[in-house]
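Trainee: Got a predicted structure plus its sequence, pasted below:
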Amino acid sequence: MLLLNLPYFGCVAHWALIASGECYAFDIKGRHQRRTFRTRTVIGMANGEQALTVPTESNYSKPYHDILINDDTDWRHQHLYALMSAYSNTPFYEYYIDDIKRVIEGNWTSIWDMNMELHRVIAQLLDIPFNPILSEEEMNAQMDGQLKDLRIGIEPKYQCRLQENLQPIEYYQVFNSRCGFRPWLSICDLLFNMGPESRLILHAMTK
């Protein structure tokens, strides 16, 4: 069984693990932490990578499940504008952006609830099952004796370790000729660039 965080969008590596067919659970009790993918995703721009961060309340003593979104800034518009700037010229942007926009523009108060809905929508767009374990009781019942804790391994400063468990697969990126291939970006990078082939690429990463 895999133990994962529930990130904002989730990077390509995160989704490769979900698509692998292994049983997985989301950490519902972990404390909120700054500068993790729980509140941010990284996209590929023409001039480099850009992190999109959801502002949240600053009480880091609470479990991540209870952290609220801070709407003092117009972050939703900023994120959607950044996605448009980065991916409007990709082959599949127009096919997927409306579903993603609907979630981002939703009236969410909890970062957990928004991220869970984003995952449901993205799994549907990828055409892969989405069946996370969300309770300790169910995790204990489903566990086969081995728990792979990958909550830290996919976080930004530890991404150099990803190749120990995943095989990066190079795919078309709209700025390849300018920036070269950039692995482990947000899942939206893969979706907008590769469309229906995204699922095949994710499966190939775990073989």
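Mentor: Alright, I've got the coordinates.

Trainee: Dump the helix or strand in which residue 14 is found to CSV, restricted to CA.
Mentor: Residue 14 belongs to helix 12-19 when assigned by DSSP states H and E. Backbone C-alpha positions of helix 12-19 (Å, rounded to 0.1, in the frame of the first residue of the first chain) are rendered in CSV as follows:
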residue,chain,number,x,y,z
VAL,A,12,3.2,13.7,-12.9
ALA,A,13,5.0,11.4,-10.5
HIS,A,14,2.1,11.5,-8.0
TRP,A,15,-0.4,10.5,-10.7
ALA,A,16,1.9,7.8,-12.0
LEU,A,17,1.6,6.2,-8.6
ILE,A,18,-2.2,6.6,-8.5
ALA,A,19,-2.4,5.0,-12.0
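
Trainee: Give me the helices and strands touching it, please.
Mentor: The helices and strands touching helix 12-19, judged by 3 or more CB pairs under 8 Å, 6 or more residues apart in numbering; DSSP states H and E, are strand 2-4, helix 111-126, helix 187-194, helix 198-205. (C-beta placed from N, C-alpha, C; glycine too.)

Trainee: by how many degrees do it and helix 111-126 diverge?
Mentor: Using axes from the mean of the first three to the mean of the last three CA atoms, to 10 degrees, the direction of helix 12-19 lies 70 degrees away from that of helix 111-126.

Trainee: 39 is where my numbering starts, stick with that
Mentor: Sure, I'll start counting at 39 from here, so that last one is helix 50-57.

Trainee: Would you mind pulling the contact partners of helix 50-57?
Mentor: 40, 42, 45, 48, 62, 75, 160-161, 164, 166, 168, 188, 192, 197, 200, 204, 221-225, 227-228, 237, 240-241, 243-244 (CB atoms under 8 Å, 6 or more residues apart in numbering).

Trainee: give me that answer again for 7 Å
Mentor: If you take CB atoms under 7 Å, 6 or more residues apart in numbering as the criterion, helix 50-57 is touched by 40, 42, 45, 62, 164, 166, 188, 192, 200, 204, 222-223, 225, 228, 237, 240-241, 243-244.

Trainee: returning to that earlier point: can you say which of the helices and strands packed on helix 50-57 is nearest to residue 81?
Mentor: Ranking the helices and strands packed on helix 50-57 by proximity to residue 81 (CB to CB) places helix 225-232 first, at 6.0 Å.

Trainee: Not counting that closest one itself, show me its contacts.
Mentor: For helix 225-232, with CB under 7 Å, 6+ apart as the criterion, the contacting residues are 47-50, 53, 81-82, 121, 125, 128-131, 134, 138, 160, 163, 209-212, 236, 239.

Trainee: From the residues you listed, list the buried ones, please.
Mentor: Neighbour counting with 16 or more other CB atoms under 10 Å marks 47-50, 53, 81-82, 121, 125, 128, 130-131, 134, 138, 160, 163, 209, 211-212, 236, 239 as buried within the contacts of helix 225-232.

Trainee: Centre of the chain to stretch 209-223, how far?
Mentor: The chain centroid and the centroid of stretch 209-223 are separated by 18 Å, computed with CA atoms, centre = their mean, to the nearest Å.

Trainee: Using CSV, write down the CA coordinates of it.
Mentor: Only the C-alpha atoms of stretch 209-223 are listed here, as CSV (Å, rounded to 0.1, in the frame of the first residue of the first chain):
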residue,chain,number,x,y,z
TYR,A,209,6.7,13.5,-23.7
TYR,A,210,5.9,16.5,-25.9
GLN,A,211,5.9,19.9,-24.1
VAL,A,212,5.0,23.0,-25.9
PHE,A,213,8.2,24.8,-24.8
ASN,A,214,10.6,21.8,-25.5
SER,A,215,12.6,23.6,-28.1
ARG,A,216,13.2,26.6,-25.8
CYS,A,217,13.6,25.0,-22.4
GLY,A,218,14.2,21.3,-23.0
PHE,A,219,12.2,18.6,-21.4
ARG,A,220,11.1,19.2,-17.8
PRO,A,221,10.0,16.1,-15.9
TRP,A,222,7.7,16.0,-12.9
LEU,A,223,5.7,19.1,-13.6
